Structure formats: structure tokens, C-alpha cells
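[1] When you get a sec, could you give me coordinates for this:
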Amino acid sequence: MKRYFSLTLITTAILAGCATTSITSDDVAKGYNSIQADEIAKHVKVLASDEFGGRAPSSEGEKLTLDYLTQEFTALGFEPGNGDSFFQEVPLVSLEADSDMVLNIGGKDYQYKKDMVMGSSRISAQEGIENSELVFVGYGVNAPEYNWNDYEGLDVKGKTVVMLVNDPGFATKDPNLFTGDAMTYYGRWTYKYEEASRQGAAGAIIIHETAPASYPWSVVENSWSGEQFGFVKDNNNMDRVAVEGWVTVDVAKELFTKAGLDFDTAKAEAAKGAYHVDMGDLAATVNVKNTIKKSVSYNFIATLPGSKTPDEHVIYSAHWDHLGTDKNRKGDQIYNGAHDNATGTAGMIEVAEAFTKLGKRPDRSMTFLAVTAEEQGLLGSKYYAANPVIPANKTVANINMDSLNLLGKVKDISVVGIGKSQMDELLATAAKEQGRTVSGDPKPSSGGYYRSDHFAFANMGVPAMYAGGGSEAFDEETANYRKRMSLVLRGCYHQPCDRYRDEWDLSGAVQDLQLFYKVGFDISQQTQWPTWNENSEFQRK
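    Numbers count the residues shown, from 1 in each chain. Prediction:
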């Protein structure tokens, strides 16, 4: 096993072998202590202001956000990370489905947002399905490594597949089935539409249930309506199903009854093994009219060049975007995205500033990447992974920040995807110096490791850490605050009420950012690179 040394030991070694230009323990402490709650709040207030309009890609809010990041990183002395530019172009196309649509199944019309949300990923002014037979395909999974194929022996060409969200492990809690309660990528909505397309289906419908989805129906209403962004492709995404979307669980139960099936029974069967069943003579019809706009959005990238091996980079990431403004919405129309993810973007600025407090630059380059269109399916980070500014073989590690801890100080730090790489050991060392312990993912069933921008780095083979917060409150007062504020945060996820609040306790965010700074510093000074653990599905290419 490779051994890693604490920050104290590293700085002691540096001091022992270097002259006065070395990074001193006092310098490291200056960086650590420079991370302050009031500075985080200052950045969040700007980024999540009404003026920024919810920071939608290719909007005026994007321009304001990029200008702000350029201003802040230039003032800190960072250099453009993409040649002579701070920006990486990300070509996008937005598709906005006309809300005046109905989904007709079995002679009944189901209403947009109330009962269902439908759309199309095809870059086409109009797509639809007409009298497309429905077939229930369980979890819609084809996973050879788990000996599971819900499509086995089934021809779905021209048909519309109906499927459950999450994967069988969540339903059974069996640790030997997939990964038990921890969602795999097979449980993600992105995968389900991709697989339905590979199978040749005409349409794909996911049944929404709050627990396995890990969010309420209101998130589907807000996140899958309005402008939906994707990549510009030569085939205009014509290899995707014509129509993809969601229905509420109440609609699903009604449809199963019409088909002479029992929803709960079929759901139970789907968790036992690969499963599919025809839904009688039920057929679906829906027309999707798209307003198409092609645009260019941007990833932001800034670098503090290393003093010894500047071609090797530790990359910090966060997404700058949110859901923008819905002018068709009554009342508050702006999705300010204060927690998600103005906090992560603000935290990125704070960590960047901390590295400027060192007596000299770290051995390796410290690069900060703020990506676009995360809310649209991790598009900015996916584009970066396909077109990396810094090659994977020069990217030492990734530390991702998404929705910082607003619930006060804690005695532990939660790691999403714990056990995947040696990054956990580095974090544990730094956490110990804070008097904290490392704990696992507090909600493994939500599949968090596949839901933020570090996932793109993991797919590149780069060890990627996604951590933050914890479950053990620092004291009783904090515990009481956490109970109150966690309800607010949960209720405002992807809602207009995700605004900056003066009552936020940012001390926990400060704790975490200080850890991220120290872990990055450790990595920047070590000869060895962190590696994936043997049981991880990610390895260097």
C-alpha cells in the first residue's frame, strides 16, 4: 500500500531541504485561514442575485457569470487555462418543447407537468409517437456484468418502453444485487434513455417515484420543462428515441390497471430478475413541437502554474450554471441557484485564493474549472472530458465542489463514492488534523457519484473526489439548526426559493473548503499520483 504523509510532515520535509523561498508552515496556514464565511457569502450573493437571472447557459446570466469569474481569477493572479483564453467553447443546442401537448394513452389525455413531462432529444422541429404499443421493461437495464438484461428476447422497435427509476439493488437492499442500496449508473435517467435508444424503441417513459428518484415530482416539472440543452451532433440525435419523458406514479398505477396488471406486483417482479411484460393493448400518442436554438456556452478555466512540474495539474471543478428564468411561471420566475451551485463556484474562488497565500507556488499547477450545463446532464464536463484542455495523463487528480454544506460544523465528512480511490486516504489525513473523521455517502441510493462533474474525470481515468458535509453535528445548537435548515434546503432543490439566506451557517462550508485546499496541496507536493483502488470501475486509460 502506498503511504501518504500529513500536511505537517510534508511542510516539515520541505522546510528541512529548502531555502527561504520554500513554502513554510506559516504560508500554508495563511492559505488555510484565508477561507472565510463572509467571503463565500459575498460571492454567492453576486452569483445568485436576480441580476444574474439563474445563470442559464447561453444567457445574459452566463455572460455576467463569466465576467465575474474572469475578474476574480485575474485579480488573484491566475493565468488563462486554455492558451491565452479563460474559456473553452461548448457548442450547444437548446430544445424547448411546446407546453401545449397531451399524452394520450388508452383514450385518456394526460396533462403536461401535472401528469407527465415529455420531450425529445432529437434536433427536430417536431417529433412524436402515434399509437405506439407500451411494454414494461422493469428497470430498463442491460448489464452483462450483473447478468441482467430486461430487454432479452424482446423487440421494442416502434414501441414505447415504460420503466422504473433507480436500479434493482435499491428496491431489494440486497448488497449482492448490483451494489445494493447504492445506485449504479444503470439507475440514472440518462442511462435509461440511452439504452432504450440502443434497443430501437420509439419512446421511453420513466415512472417517477420520490424515494428511488431521490427528488419529488416538482423537480421533474422544473428540470425537464423549458429549454433543454444538448450537444450539436452531425446526426441531429436521430439515433435517440423520438420521445422521452416521465409520468407520475399515480398515472403509472392507472395505466397498469388498464392493462390488467398490478403495478406493485410488476414492480416486485422487476426487482427479482430481468423482466418485461406487454401492457395489453395500451398505446401512446404524443406530439412534441420543439423551438430549436443553437448557441455556444463556455467552460471557464484558470491556472496557477506550478513551480516544478507545471505540466502536471490538480484540477478543482464546480458548475457555474443553474436553471435560469421561467417566464411562463407565475410568481417568482428566477431559479437563483444559490446553494446549487453558487456555493460551489464561490468555494472554488476561495480555494483558489488560498493558494495565492503561499510563499511560492506549489510544485504542480493548480487549475480551476467552472463548467457549464451541469443541470442539463453534465454537458460541460462531458464536453471537457471529450476535448480536454489538459490531457488525462497530465491531470493528477480532481476535486469537485457541488452544493456546499450550509448546515454548520460537523465532526465527520461524507464522501460520495467512498472506497473508490486513494483520495479517501488523503482526505482522512487532512480531516484528522481538523478533528474530523471520514464517513460514507449519506444517501447512496441517489447515485451521487454519477450526478456531478467529477464523473467526467472519473471516466477519463482521473481519480476524482466528491465530498462535503457530514451527519454528526458539532454540538447540540448546530444539531437543532440542521433540523430546521435541512428541511428548507430539501424543499428548495431546483426551486425558485433556492436563494441566498442570511441565516445560513457557512462554518461547515469553511471546514470543507479548508480540507479541499489541504488535500490539493498535499497532492501538489507529492511525487506519487493518487490511484484508483482495485475494486473501482474506473482506471487510468
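[2] buried ones in the longest strand seen in the chain?
    Secondary structure assigned by DSSP state E gives strand 277-304 as the longest strand of the chain. By 16 or more other Cβ atoms under 10 Å, the buried positions in strand 277-304 come out as 277, 279, 282-290, 295, 297-304. Just so you know, the C-beta spots here come from the backbone N, C-alpha and C atoms, and that holds for glycine as well.
[3] Excluding chain neighbours, give the residue nearest to P168 in space.
    Distances taken as Cβ to Cβ, 6 or more residues apart in numbering place A271 nearest to P168, at 4.8 Å, with adjacent residues excluded.
[4] helices or strands next to the host helix or strand of that neighbour in the packing?
    Element membership for A271 (DSSP states H and E) is helix 263-272. Packed against helix 263-272 by the contact rule (3 or more Cβ pairs under 8 Å, 6 or more residues apart in numbering; DSSP states H and E) you find helix 168-172, helix 249-258.
[5] still on that earlier bit, the residue nearest to P168: neighbour count?
    18 (other Cβ atoms under 10 Å).
[6] Contacts for stretch 68-80, please.
    Residues from elsewhere that reach stretch 68-80 (Cβ atoms under 8 Å, 6 or more residues apart in numbering): 43, 46-47, 86, 300-305, 320, 345, 349, 352-353, 356, 368, 370.
[7] List the buried residues in that stretch.
    For stretch 68-80, a neighbour-count test (16+ other Cβ under 10 Å) marks Y68, L69, T70, E72, F73, L76, F78, P80 as buried.
[8] now swap in stretch 470-482 and tell me
    G470, A473, F474, T478, Y481, R482.
[9] Using the three-state scheme, assign H494.
    Following DSSP: H, G, I helix; E, B strand; the rest coil, we place H494 in the coil state.
[10] For it, give me the pLDDT.
    Model confidence at H494, given as pLDDT, is 94.
[11] same deal with the one 3 residues further on?
    C497 carries a pLDDT value of 96.
[12] Likewise for the one 4 residues further on?
    According to the model's per-residue confidence, R501 sits at a pLDDT of 97.
[13] ok, now T190?
    91.
[14] start at 11 instead
    Will do, 11 is the new start, and the previous item becomes T200.
[15] That one against G387, yeah?
    Yes. T200 is in contact with G387 according to Cβ atoms under 8 Å; the separation is 5.7 Å.
[16] ok, these two, which is more surrounded?
    Ranked by neighbour count (other Cβ under 10 Å), T200 and G387 place G387 first, with 19 against 12.
[17] dump the residue contacts of T541.
    K12, S431, Q432, P473, R550.
[18] which among those residues gets closest to M173?
    Nearest to M173 out of those is S431 (Cβ to Cβ; 31.3 Å).
[19] nearest spatial neighbour of the closest one, skipping sequence neighbours?
    Residue nearest to S431 in three dimensions, not counting chain neighbours: P473, with 4.1 Å by Cβ to Cβ, 6+ apart.
[20] neighbour-wise, which of the contacts of T541 leads?
    Ranking the contacts of T541 using other Cβ under 10 Å puts P473 first, with 28 neighbours.
[21] how about low-confidence regions in the stretch 11-160 of the chain?
    Scanning the stretch 11-160 of the chain for pLDDT under 70 picks out the ranges 11-31.
[22] go with 50
    Low-confidence segments of the stretch 11-160 of the chain (pLDDT under 50): 11-30.
[23] quick one: the helices in it?
    Using DSSP state H, counting those that start in this stretch, the helices of the stretch 11-160 of the chain run over residues 17-27, 35-44, 47-57, 70-85.
[24] Using JSON lines, lay out the ones you listed together with distance to L417.
    What follows is those, written out as JSON lines (distance: least, Cβ to Cβ, whole Å):
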{"stretch": "helix 17-27", "distance to L417": "26"}
{"stretch": "helix 35-44", "distance to L417": "21"}
{"stretch": "helix 47-57", "distance to L417": "13"}
{"stretch": "helix 70-85", "distance to L417": "26"}
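[25] Hmm, the residue nearest to P178 is touching D177, no?
    No. Shown here, A281 and D177 do not form a contact pair, counting by Cβ under 8 Å, at 9.2 Å.
[26] Quick check: neighbours shared by those two?
    Joint contacts of A281 and D177 (Cβ under 8 Å, 6+ apart) are Y149.
[27] Mind listing what's buried along the top helix by length along the chain?
    Criterion DSSP state H: the longest helix present in the chain is helix 517-535. By 16+ other Cβ under 10 Å, the buried positions in helix 517-535 come out as 517-535.
[28] avg pLDDT for stretch 536-551?
    Stretch 536-551 comes out at a mean pLDDT of 89.
[29] what's the spacing between it and its chain's center?
    Its chain's C-alpha centre and that of stretch 536-551 lie 21 Å apart, by Cα atoms, centre = their mean, to the nearest Å.
[30] Please identify the buried residues of that stretch?
    For stretch 536-551, burial by neighbour count (16+ other Cβ under 10 Å) applies to Q536, W539, P540, W542, F548.
[31] host element of the last one?
    Assignment of secondary structure by DSSP H and E places F548 within no helix or strand.
[32] show me what contacts it?
    F548 makes contact with K430, S431, A468, N469, G471, P473, W542, according to Cβ under 8 Å, 6+ apart.
[33] State the pair within the residues you listed that is farthest apart.
    Across the contacts of F548 (Cβ to Cβ), the longest gap, 13.4 Å, separates S431 and N469.
[34] buried set for stretch 32-51?
    Buried-residue list, stretch 32-51, by 16+ other Cβ under 10 Å: 32-34, 37-38, 41-42, 44-45, 47, 49-51.
[35] ok, P398 touching V472?
    No. Checked against Cβ under 8 Å, the pair P398 and V472 is beyond contact range at 9.5 Å.
[36] anything in contact with each of these two?
    Joint contacts of P398 and V472 (Cβ under 8 Å, 6+ apart) are T405.
[37] Which one's more surrounded, those two?
    When neighbours are counted by other Cβ under 10 Å, P398 and V472 differ, and V472 comes out ahead with 28 against 18.
[38] ok, now which ones touch that one?
    Going by Cβ under 8 Å, 6+ apart, V472 touches I325, A402, T405, V406, A407, N408, R550.
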